[in-house]
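Trainee: With the input below, show me the fold.
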Amino acid sequence: MSQAAKTKNLQVELENIGGINEASMGIPPGVTVLSGRNATNRTSFLQGIMAAMGSEADQITVKSDAEEGRAVVQTPEETYSRTLTRTNGGTALTGDPFTDDPELVDLYAFLLKENPVRQTVEQDGDLYDVLMRPVDTAEIENRLERLKTERERLKQQLDKIEQRKKELPQLEERKQELESRLEELRADESTLQQRKEELEEQFTEQSTNEQSEEIEELEEQLKSKRTDISTLERSIEQQERLHEAAIDELESIDKPDTSEKELRSKKTKLTESRDILSEQIETLRAQQQEVTSGMEAARALQDSTASLKQVVSDLDVDITIPDGPLTTSEDKETGEITDALVQGDTIRCLACGSEVTTDTVEAVIDQYREINTTFRDQIRELEQEQKEIRKQIKETKSQLNEWKSAEERIAEATQQKQEAKVEIKKSKEELETVKQRVTELESEFEEKRQEMTESSEDTEVREEHSDIEDQLINTEVEIRKTTDEIRETTGRIEEIKEEISDEGNLETDLDNLKEEITGLRSRVEDIERELVEEFNETIETVLDILSYENIERIWIERKQETVKVGRRKEEQTVFELNIVREGSDGVYPDELRHLSESERSVTGLVVALTGYIVHDVDTKCPIMVLDSVEMIDSERIAKMIEHFRDETPYLVAALLPEDSAAVEESLPEATVRGIDTLVS
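Mentor: Residues are numbered from 1 along each chain as shown. All right, here's what the predicted structure looks like:
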């Protein structure tokens, strides 16, 4: 939804959700109040909004006499809808919701009574878990490891460049020496060639042209073969360097201590355990849904829509039920059950006409709530175990990737080593053959020169000529060798300069990596600190606005504690909730369980609002819904809603008529709609 769209009305259309047949309403920006008594489907309307926006909450249900329901929220730009289908285990939600992040919105945007954050505060649970749950710390750790590996690779490249930079002056100096040597060799060659020509002019006509041609041919062959010897010797040296580099690479490669087979076996077992836990969680959720249905029936009893006997029969779940009305002997009549409890006002069931006490109904609801809490605790425990297993699976995958990378490097280095070894052997054999051929040519060349010397009258001239020819052969071989070495040295210089030209980019990449690593390392701590600071500031403001005079201060302290995770202990951050009250004797510390129901409810809502703000939930879901705040007095509800409205584009609250009136008086711009005018 665009920012412009957040200033326009949303249209809600619901069908067969909770106790609603059909309902529709336009929701303007700001505060919207659904006003009505209990059991008038205010909560069902909110649950319909939640469904269309992307919630996966268990309490969203299809109407009891329907198999399918539908929830639609239409913005000026798009239409978002979900279809609810009854299943054996509860309700399946399909379609195209507003957000694909149900956990985020169920934690911080949809603040019904069963909201996980509110329940955590109500039960004095783990605040760190509900506030940090959207932060994937395991993925952050994996990302850190990948960045560290990349950082080391860049460092190695830069170290290599630094080493090559040290080689560059030596190579350039060597190139200058070779170029000077080449000039000298060419000067020598020119001098020798000139002297050779002078001697040849002195030859008598007795010398046969045929013999001279044979000698010249042998001379060229000798030059070529001696050049081949030089080339092969350099090739052998290069291949030996490659061979040694491959050996060094093989020695430097490290594999994880655990074998690949063990890692794959571990991954398989962890995956199986994860899947088993998923099945257990789904089973518990399905059973919890049964309990939720029973609790809804009990709540309906408060408005004389069902009898207690019907409520008891609605509970169909295989667990041990806590002591209370639901565990009273089945052969007793409803009246006997009622008499066994604390007496209270009676209400008449419109369905069967029987009378039950309001205290009985409250006791039944309390039992349902206790059962639901047990399920919730079990689910949270299994989810924590599942989270740990997922973390181990990621670690195992990372180790397997290390194995794969190491094996690839080993295969590449082994291949390089074998290829170099083969090339060395091949070049040495070829070198031996060429050397033998050079020996043969030298012998043949010497014989031809001897023949020419013997057949010539210019013996001294011929001898000098032979010496000059030998020098020319060696000089030309040296020229070719020096030229090749200059070409090779120039190539290495250009290669190094090209590598050096990349140094700036590599350093930039390394700096960026270091910055990202630092950012990731501090990201979790930053979020923790931001959550603590946001809560502490917000709760201070809210307590001041709501005038809880006997509460001096409530705040969260971020601490490190040693906790047991599976079979090991590790340091973890915890959020400790601190409370200080003010009495006649001054201030004194207190505990969450000693707060009034109103104070606990406000604290839970502020914790949820903290998550909404810090995790930027308004970018995922611009609607916040609020329900079950009857324990807070009307004036404070109005002030609290006024504070909450500043953090969300659309705030929809389900309130009793007297609380709605207080909001309307405090916020004239709020939209107040009677729920009975919206639903059928």
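
Trainee: So Asp96 is in contact with Ser81, correct?
Mentor: Yes. At 6.2 Å, Asp96 counts as touching Ser81 under the criterion of C-beta atoms under 8 Å. Glycine gets a C-beta too; all of them are placed from N, C-alpha and C.

Trainee: quick one, which of those two is more surrounded?
Mentor: Ser81 (17 against 13; other C-beta atoms under 10 Å).

Trainee: measure the residue nearest to the more buried one when sequence neighbours are not counted to Arg673 for me?
Mentor: Counting by C-beta to C-beta, 6 or more residues apart in numbering, Ser81 lies nearest to Val72, which is 4.4 Å off, once chain neighbours are set aside. Remark: distance between Val72 and Arg673 (C-beta to C-beta, to the nearest Å) = 18 Å.

Trainee: can you check Leu144 too?
Mentor: 50 Å.

Trainee: where do the helices sit along the stretch 101-250 of the chain?
Mentor: Along the stretch 101-250 of the chain, counting by DSSP state H, counting those that start in this stretch, helices occupy 102-108, 116-122, 127-132, 137-202, 209-252.

Trainee: For those helices, give me CSV that also has distance to Ile579, mean pLDDT and mean neighbour count.
Mentor: Shown next, in CSV, are these (distance: least, C-beta to C-beta, whole Å; pLDDT from 0 to 100; neighbours: other C-beta atoms under 10 Å):
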stretch, distance to Ile579, mean pLDDT, mean neighbour count
helix 102-108, 22, 93, 22
helix 116-122, 12, 91, 22
helix 127-132, 13, 90, 22
helix 137-202, 28, 84, 14
helix 209-252, 58, 78, 15
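
Trainee: would CSV of those helices with distance to Ser273 be doable?
Mentor: What follows is these, written out as CSV (distance: least, C-beta to C-beta, whole Å):
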stretch, distance to Ser273
helix 102-108, 22
helix 116-122, 24
helix 127-132, 21
helix 137-202, 16
helix 209-252, 36
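
Trainee: So for Ser278, which of those helices sits nearest?
Mentor: With C-beta to C-beta, the closest approach to Ser278 among those belongs to helix 102-108: 15.3 Å.

Trainee: elements contacting that closest one?
Mentor: helix 42-53, helix 116-122, helix 597-614 (3 or more C-beta pairs under 8 Å, 6 or more residues apart in numbering; DSSP states H and E).

Trainee: what about 7 Å?
Mentor: Helix 102-108 sits against helix 116-122, helix 597-614, with contacts defined as 3 or more C-beta pairs under 7 Å, 6 or more residues apart in numbering; DSSP states H and E.

Trainee: The ones you listed: which one's closest to Glu150?
Mentor: helix 597-614 (29.7 Å).

Trainee: Which of the residues in that closest one are classified as buried?
Mentor: For helix 597-614, burial by neighbour count (16 or more other C-beta atoms under 10 Å) applies to 598-614.

Trainee: Ramachandran coordinates for Ile500?
Mentor: For Ile500, the backbone dihedrals (degrees, to the nearest 10) come out as phi -60, psi -30.

Trainee: In contact with it: list those residues for me.
Mentor: Residues near Ile500 by C-beta atoms under 7 Å, 6 or more residues apart in numbering: 161, 165.

Trainee: measure it to Gln163 for me?
Mentor: Note on Ile500: its distance to Gln163, by C-beta to C-beta, is 11 Å.

Trainee: Same check on Lys394?
Mentor: For Lys394 relative to Gln163 (C-beta to C-beta), the value is 36 Å.

Trainee: what does Ala51 give?
Mentor: 63 Å.

Trainee: Likewise for Asn474?
Mentor: Distance of Asn474 to Gln163, given as C-beta to C-beta: 37 Å.

Trainee: swap in Gly18?
Mentor: 72 Å.

Trainee: swap in Leu263?
Mentor: As judged by C-beta to C-beta, Leu263 and Gln163 stand 35 Å apart.

Trainee: dump the residue contacts of Thr603.
Mentor: 121, 539, 554, 595.

Trainee: And the pLDDT for it?
Mentor: What the model reports as pLDDT for Thr603 is 94.

Trainee: which intervals of the protein have sub-threshold pLDDT?
Mentor: Scanning the chain for pLDDT under 70 picks out 1-7, 89, 138, 202-212, 288-369, 449-459, 462, 563-570.

Trainee: So which residue is dead centre in it?
Mentor: Glu139 (3.6 Å; C-alpha atoms, centre = their mean).

Trainee: Domain parsing of this structure, as residue ranges.
Mentor: Taking automatic domain parsing as the criterion, the chain consists of the domains 1-123+623-680, 260-401.
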